[in-house]
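Q: sharing a sequence plus its predicted fold:
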Amino acid sequence: MRETTTAVVIGGGIGGLTAAVALHRRGVRVTVLERAPSLEPVGAAISLAPNALRALDVIGLGDEIRALAAWQGDGGLRTPGGRWLARTDATAVAERFGGPLVLLPRATLIAALAARLPDGTIRTCAEATVTDPGDPGDRTRPAQVRTADGTLTADLVVGADGIHSAVRHALFPAHPGTVYSGFTTWRVTIPVPGASFASHETWGRGRIWGTHPLKDGRVYAYAAALAPAGQRAPDERAELLRRYGEWHDPVPAVLAAARPGDVLRHDVHHLAEPLPAYHRGRAALLGDAAHAMPPNLGQGGNQAIEDAIVLAHHHTDLAAYSAARLPRTTRIARQAVRVARLNLTANRAAIVVRNTAVAALSKAGPTLFLKGFDGIADWHPPRESHRRAEPGADDTVCSEQTGAGERPED
C-alpha cells in the first residue's frame, strides 16, 4: 500500500485539529474543513489528564499547554451543604499517573493547535459530505468529499465532526446513532470578584456542580441535572439559581456574578451501541464521532486527542487504528455511563451508600480514590509516534486561508 500523501479532516474541533497537526508533522498534506464560520469553540473549558498531555507531547505541544493551564488536583468532592466527602491531592495525581491534571479554556487549546498548521490549511464555512470512502486496496479509488466549491479527493478522510456526525452516518448508515443520556448540562466561564475556593465537584440528588479556577483568573463552573430531553428555560441563569442557589459557597457567588448570556446549556448524548469499527475504506472517525460519551469522567476530549495521535501513527493502515482504539474507547465510554448514573442518582438510599463509600475510600488514602483512573490516565502513545517526520517546505495545502480560530465541538 502506498504512503498516504493527502488528508481531508472534516471538523475543526480539538480532535480534528490534533489529527491535522499530527498528520502534517508526518509529511501528509492536510485540508481541514469546518462548517462553522470560525473555529471559536462553544465549549467553555477542557480538563486534560496526563494521557492527553502525553499525546500532545508527540506533536511538541504538551509543555506549552502545561504552561498555559491551571494545574488541578487540590480539592475534592462535597455535598450540597458543603461537607467534604473526599479530598484530592495534585501531587498524588502526578505521582500515580506520571503527570498533572490541568484545566484551560478550549479556545486556548484550539488556537495553539491551529497555529501549528500552515496558512491556508483551515477552511471555515465549509460544509462537507463524504460521497465515497474510497478503497485502500485500489490506488485509482481515493476517498471523495463534496463541498460547495467542488469535490476533493484524498488518500485519507478524517471524520471529526462531533456527536451528531454526518461522516459516521455516511460510513455506517445502519448504526442507530446517539441516544439521550438522561441529563442536561450548563457551563459558565466568568470572573468572580473576591472568589477564593478549592476546586470541587459537588454531588446532590440528581444534580452535580463543579467549580474550578482558571490560570487567567476566571472561574469555570459546570452543572448537570436529570431532565427531559429538549427542555429549556427562558432564563438559564434563573434556572441555575432555582436548582443550585442554596448550595454551599462559592456556588451562590458564581451565580451572582453570571449574566444570563454567560450560561451555555446542552443536553448530553452518547453512543450506547459501539460502532463495528472506526474506519471504512480510506475514511476514519475520531472523538465524539467515533465514541461519544457522557462527560462525567472528563475523558471525551482526552480520548479525541489520543485518537488523533494514534490515527496519525497508523494513517496507512486504518484497520490497525480501529484495532488500537475501539476496545479502549468502548471500555472508557461504558465506564463514563456508569459514573454518570452514580453521580446523578436521585435515589436517596443509593446516595447514602454512595457518599459513605466515597468518604471511606478517601480516608483510606488518595491512592485508593484515584484507582478508578488506572488504565485511563496512565496511557502512553505508541512508541514510534515520537519518531515523527518533520514537514517539508512544500507541505502546505493549496486552500483558502481563514486564519487560526476554532469551532463548536463536543
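A: Right, received. Where do you want to start?

Q: from Arg383, how far off is the residue nearest the centre of the chain?
A: What sits nearest the mean C-alpha location of the chain, by C-alpha atoms, centre = their mean, is Gly301, with 1.5 Å. Counting by C-beta to C-beta, to the nearest Å, the separation of Gly301 from Arg383 is 24 Å. Any C-beta I mention is one placed from the backbone N, CA and C, and that applies to glycine too.

Q: also Asp235?
A: 52 Å.

Q: next: Leu370.
A: 25 Å.

Q: looking at the two now, which is surrounded by more residues?
A: It is Leu370, of Leu370 and Arg383, that has more neighbours when counted by other C-beta atoms under 10 Å, with 19 against 8.

Q: mind giving me the packing neighbours of the helix or strand hosting Leu53?
A: Per DSSP states H and E: Leu53 is located in helix 50-58. Secondary-structure packing of helix 50-58 (3 or more C-beta pairs under 8 Å, 6 or more residues apart in numbering; DSSP states H and E): helix 14-25, helix 62-68, helix 90-97, helix 300-313.

Q: if you average pLDDT over that helix, what comes out?
A: Averaged across helix 50-58, the pLDDT comes to 98.

Q: count the neighbours of the residue nearest to Thr18 when sequence neighbours are not counted for me.
A: The spatial neighbour of Thr18 that comes closest, neighbours along the chain excluded (C-beta to C-beta, 6 or more residues apart in numbering), is Ala308 at 3.7 Å. Here the count is done by other C-beta under 10 Å, and Ala308 has 31 residues near it.

Q: what of Gly287?
A: 32.

Q: my read: it touches Thr18, true?
A: No. Between Gly287 and Thr18 no contact is recorded; they are 9.0 Å apart, counting by C-beta atoms under 8 Å.

Q: pull up the overlap in contacts between these two.
A: By C-beta atoms under 8 Å, 6 or more residues apart in numbering, Gly287 and Thr18 have these common neighbours: 304, 308.

Q: about what we covered before: could you find the closest non-adjacent residue to the residue nearest to the centre of the chain?
A: Excluding the flanking residues, the one nearest Gly301 by C-beta to C-beta, 6+ apart is Ile46, at 4.9 Å.

Q: mind giving me the packing neighbours of the helix or strand that contains the one you found?
A: For Ile46, the host element (DSSP H and E) is strand 45-48. Judged by 3+ C-beta pairs under 8 Å, 6+ apart, strand 45-48 is in contact with strand 101-105, helix 106-114, helix 300-313.

Q: quick one: low-confidence ranges for the stretch 251-400 of the chain?
A: Filtered on pLDDT under 70, the stretch 251-400 of the chain yields the residue ranges 366, 368, 385-400.

Q: same check on the stretch 1-150 of the chain?
A: Applying pLDDT under 70 to the stretch 1-150 of the chain flags the ranges 1-4, 43.

Q: how about the helices in the stretch 151-300 of the chain?
A: For the stretch 151-300 of the chain, the helices defined by DSSP state H, counting those that start in this stretch occupy 166-171, 236-244, 251-257, 288-291, 300-313.

Q: which of the ones you listed sits most buried?
A: For the helices of the stretch 151-300 of the chain, the largest average neighbour count (mean count of other C-beta atoms under 10 Å) is found in helix 288-291, namely a mean of 29.

Q: mind pulling up the pLDDT for Ala404?
A: pLDDT recorded at Ala404 is 33.

Q: quick one: the helices and strands packed on helix 50-58 as CSV, columns for distance to Pro193 too.
A: As requested, the helices and strands packed on helix 50-58 are exported to CSV (distance: least, C-beta to C-beta, whole Å):
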stretch, distance to Pro193
helix 14-25, 30
helix 62-68, 23
helix 90-97, 25
helix 300-313, 29
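
Q: show me the one of the ones you listed that comes nearest Lys215.
A: Nearest to Lys215, of all those, is helix 62-68, at 6.8 Å by C-beta to C-beta.

Q: then the closest one to CSV, C-alphas only?
A: C-alpha atoms of helix 62-68 as CSV (Å, rounded to 0.1, in the frame of the first residue of the first chain):
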residue,chain,number,x,y,z
GLY,A,62,2.5,19.3,25.7
ASP,A,63,4.8,21.7,27.6
GLU,A,64,3.1,24.7,26.0
ILE,A,65,-0.3,23.6,27.2
ARG,A,66,1.0,22.7,30.7
ALA,A,67,2.4,26.3,30.9
LEU,A,68,-0.9,27.8,29.8
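
Q: next secondary structure after it?
A: Following helix 62-68 in sequence order, the next helix or strand is strand 70-72 (DSSP H and E).

Q: who are the packing partners of that following strand?
A: helix 90-97, strand 101-105, strand 207-213.

Q: swap the cut-off to 7 Å and go again
A: Applying 3 or more C-beta pairs under 7 Å, 6 or more residues apart in numbering; DSSP states H and E, one finds that strand 70-72 contacts strand 101-105.

Q: list the buried ones in the strand it packs on?
A: For strand 101-105, a neighbour-count test (16 or more other C-beta atoms under 10 Å) marks 101-105 as buried.

Q: nearest to Asp63, of those?
A: Comparing the buried residues of strand 101-105 against Asp63 with C-beta to C-beta picks out Val102 as the nearest, at 11.4 Å.

Q: what about Ala277, how many residues close to it?
A: 18.

Q: likewise for Arg139?
A: Here the count is done by other C-beta under 10 Å, and Arg139 has 10 residues near it.

Q: which SS class is it?
A: Here Arg139 takes the coil state, with states given by DSSP: H, G, I helix; E, B strand; the rest coil.

Q: relative to helix 300-313, how tilted is the lengthiest helix in the chain?
A: Criterion DSSP state H: the longest helix present in the chain is helix 318-343. Orientation of helix 318-343 against helix 300-313 (axes from the mean of the first three to the mean of the last three C-alpha atoms, to 10 degrees) gives an angle of 170 degrees.

Q: elements contacting helix 318-343?
A: strand 279-280, helix 288-291, helix 300-313.

Q: recalculate using a threshold of 8 Å.
A: Applying 3+ C-beta pairs under 8 Å, 6+ apart, one finds that helix 318-343 makes contact with strand 179-190, strand 264-270, strand 279-280, strand 283-285, helix 288-291, helix 300-313.

Q: which among these is found nearest to Pro173?
A: For Pro173, the closest of the helices and strands packed on helix 318-343 is strand 279-280, at 10.5 Å, according to C-beta to C-beta.

Q: Ala346 touches Arg205, doesn't it?
A: Yes. With contact defined as C-beta under 8 Å, Ala346 counts as touching Arg205 (5.3 Å).
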